[in-house]
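Novice: Predicted structure and sequence below. I'll ask about it afterward.
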Amino acid sequence: PTGPGAEGARGGGAALGTRGDRGHGGRGADMAGMGVDTSELLRLLQNDLQQSDVEIQLSAVKRLGKLAKVLGPELTRGELLTFLFEMTCIENPEDKAADEVLFNMSKQLGEFVPLVGGAEFGGAIIAPLAEIATTEETLVRDAAVAAMNKIFEVCPSDDASSSDVAMRTIRRLSGDSNEPIWFTSKMSACGIFASAFNKLANAQKAEALEIFKKHCADELPMVRRAAAKALTPLSAILQTADEVVEVYELWNKLCGDVYDNVRLLAALAIAELIKKLPTTSHEEAVSTFQSICEDKSWRVRLSLAKVFPSVIETVGEELAVSTLVNSFVALLQDHEAEVRGVACKAISNVCGVVGGEVFNGSVVPVLAELSADTAHDPELKVRTPLVQELTRLPSSITQDEAAQSVLPILSNCVTDANGQVMPPGLGPGPADLQLMILRELSMGSEDSQDNTTNVVSGVQRPWMRSRGNAEEREALVNIMVHGLEASFLEGLLSDVNWRVREAAVLCVPRLVAVRGGDFFLESLEVPFYKMIEDKVAAVRRATGQCLGDLSRQLGSDHTAAKILPRLRSSATGNNYQLRISAVEALGWLCTENAGADVLEEVAAALSAACSDGVANVRLAGVGSLAKLAKVASEEVLQSSVVPQVTELLQDDDEDVKHMANLILETTSA
């Protein structure tokens, strides 16, 4: 059999870059000296792989790694890989290994680099993989290609044997001279082309590119599709201007292919290719890019929307304003929701490049239409990324521009309460837009004394990443808060959906910080405090956590007059679940800024809670006592906290006793 490195697989691996011979030295010799018959191990492997039972073959393949460790690097390169290469070259269908066997063999060989002596001998593994890569079954072929790419990545770049193996593999899979070859082999050649090309010597790259050109012009669309897919990784490793020009011409050609599955893959390559092009060629590339944005296939337009952020940031402001903004607007107005949604993910990038004035004049009107388009976006594929990106606008947009552009659009979304919030894992509902915006408004300031309002009920918000600094993000959020009407927020506090009520509650501290305590006292005091007795525990918990912020903002007098009476009433009510929430809320009032009279009243309320007949209420009480112990004066600590905790050491509930013991240890320290 012939193939890349076949000579080396049989006679010492010189052609594969193994630099070895078939001598039985190294670890194999050591094993032989220890009484391990390596030839018998190989014979058993060969016998198992020649069985007709696929399960026996699979079992043997899965032992290849262990066998290679026993044989040692030299015997693995000289004996084991030779046998595997010959096995993969069998053409008789009756004797040829099953697809499952070849698939697992590819997976195993991809991990063989340490077993053949390291990266410098990695080329020895390529020969059997290259034969497997000609298989008709797609999964087997892809596994072999992935294994070869993994090996080529670690092979030394300045090694002559590595470059020879890479070139030989490209030739083998692409077909030598005019000999006909099956299209699956050409597809595999495209699959490894970028990683193999990166190992070639400069003198070999011209020949390799000529081979790649043939694949790009192949009569079969499957081969051209594989070549188009290879353009992106290939563009990323180009080094010379001539290589860039040649690949750019191939990109232009494939972008005009008659098959959309070829064009959509080729279009993705512009993200890497435009970074390699000289600035003088950007205008021509952008012109081609703009024409592809009008492609008749929505999947091609979707591909361009995915790479739009990278392209616009590469070409700079001048071309972006003159050309790409119009293309971006066209993508935002696309007939397909998938295209519009992906295009929305580039909003902050576009704004950062073109500036606030152009953004407000050209893009914002379209965004306003999208935010109000509920009929064509029932699954929130468009409005979800739209809201996310509007909270990440860069520092290049001023506060006045943000007030003109961001606030009206977010208002459209936050007032869209059609439908219900779906439970986690079941997909979004229209009211999720409310949650996204309200949770952004609920974010505490950077210098907040606690960050408890940032994560409630296990809801993480990793999407809130402003491209500006903390002050700019705060300014943007404050603009949004100023736009909220009290009547609207009051309506959210009584919403039928508990997640909306929770998010609205978490907005209140920020609202008080921005608009003042008088605004809260005049408009939201009554509906907010009703949340202390909400029927959903998560809403009650969020309300309790916000009380600490409100206590600091409104002062000790308001806390003593308005907050504490409500909590003490709930803490002694008939519903034990409400008692638990009220006792936990008392703990949130225990801050360093709390007045002495407030802490004394809290201590008295917690003392009563720790005598409750329900263990869970007592457990909540001892948890709040732990917070009180951190900020209470010595007098309150010794007169209220320590005696109460000491008494709880005799409690019937083990958890209560454990918590009480921890508090005593802390206070003693």
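Specialist: Sure thing, it's come through. Residues are numbered from 1 along each chain as shown.

Novice: contacting residues for residue 347?
Specialist: Residues in contact with residue 347 (Cβ atoms under 8 Å, 6 or more residues apart in numbering) are 363, 367, 385, 386, 389, 390, 393. Heads up, the C-betas are built off the backbone N, CA and C, glycines and all.

Novice: Residue 173 now?
Specialist: With contact taken as Cβ under 8 Å, 6+ apart, residue 173 is in contact with 130, 133, 134, 185, 186, 188, 189, 192.

Novice: any chance of these in TSV, plus neighbour count?
Specialist: As requested, the contacts of residue 173 are arranged in TSV below (neighbours: other Cβ atoms under 10 Å):
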residue	neighbour count
130	28
133	30
134	22
185	20
186	24
188	27
189	31
192	26
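
Novice: Count residues in the vicinity of residue 492, would you?
Specialist: 22 (other Cβ atoms under 10 Å).

Novice: Actually, residue 561.
Specialist: The burial count assigned to residue 561 is 11, neighbours taken as other Cβ under 10 Å.

Novice: try residue 110
Specialist: Residue 110: 18 neighbours (other Cβ under 10 Å).

Novice: ok so, going back, Throw together a PyMOL command that grabs the buried residues out of the contacts of residue 347.
Specialist: Buried residues among those (16 or more other Cβ atoms under 10 Å), as a PyMOL selection:
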select buried, resi 363+367+385+386+389+390+393
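
Novice: quick one: which of the contacts of residue 347 is nearest to residue 502?
Specialist: residue 390 (22.1 Å; Cβ to Cβ).

Novice: neighbours around the closest residue to that closest one other than its chain neighbours, how many?
Specialist: Leaving aside its chain neighbours, residue 390 sits nearest to residue 406 (5.2 Å; criterion: Cβ to Cβ, 6 or more residues apart in numbering). Burial of residue 406 is recorded as 22 neighbouring residues (other Cβ under 10 Å).

Novice: before we move on, back to that, between the contacts of residue 347, which is nearest residue 72?
Specialist: Distances from residue 72 to those, taken by Cβ to Cβ, are shortest for residue 385, at 54.7 Å.

Novice: Any stretches of this structure with poor pLDDT?
Specialist: 1-37, 91-95, 176-180, 395-397, 399, 403, 411-434, 436-437, 439-488, 668-669 (pLDDT under 70).

Novice: 50 instead, please
Specialist: Scanning the chain for pLDDT under 50 picks out 1-35, 417-430, 444-469.

Novice: At which residues are the helices of the stretch 151-300 of the chain located?
Specialist: All helices of the stretch 151-300 of the chain, identified by DSSP state H, counting those that start in this stretch, fall at 160-174, 183-197, 202-216, 221-236, 241-254, 260-268, 270-276, 282-292, 298-315.

Novice: quick one: which of these is nearest residue 380?
Specialist: helix 298-315 (17.1 Å).

Novice: I'd like to know which elements whichever helix or strand comes after the closest one is packed against.
Specialist: Next helix or strand after helix 298-315 toward the C-terminus (DSSP states H and E): helix 317-319. Under the contact definition 3 or more Cβ pairs under 8 Å, 6 or more residues apart in numbering; DSSP states H and E, helix 317-319 sits against helix 282-292.

Novice: If we use 10 Å, what do you get?
Specialist: helix 282-292, helix 347-354 (3 or more Cβ pairs under 10 Å, 6 or more residues apart in numbering; DSSP states H and E).

Novice: Run the angle between the shortest one and helix 298-315 for me.
Specialist: Relative orientation of helix 347-354 and helix 298-315, computed by axes from the mean of the first three to the mean of the last three Cα atoms, to 10 degrees: 40 degrees.

Novice: Then the first one?
Specialist: An angle of 160 degrees separates the directions of helix 282-292 and helix 298-315 when computed by the same axes, to 10 degrees.

Novice: buried set for helix 282-292?
Specialist: 282, 285, 286, 288, 289, 292.

Novice: C-alpha coordinates for that helix, CSV please?
Specialist: This file holds the C-alpha atoms of helix 282-292, laid out as CSV (Å, rounded to 0.1, in the frame of the first residue of the first chain):
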residue,chain,number,x,y,z
HIS,A,282,-10.6,47.1,2.4
GLU,A,283,-12.9,49.2,0.2
GLU,A,284,-13.1,46.4,-2.4
ALA,A,285,-13.6,43.8,0.2
VAL,A,286,-16.4,45.8,1.9
SER,A,287,-18.0,46.3,-1.5
THR,A,288,-18.2,42.5,-2.0
PHE,A,289,-19.4,42.1,1.6
GLN,A,290,-22.1,44.6,0.9
SER,A,291,-23.3,42.8,-2.1
ILE,A,292,-23.4,39.5,-0.2
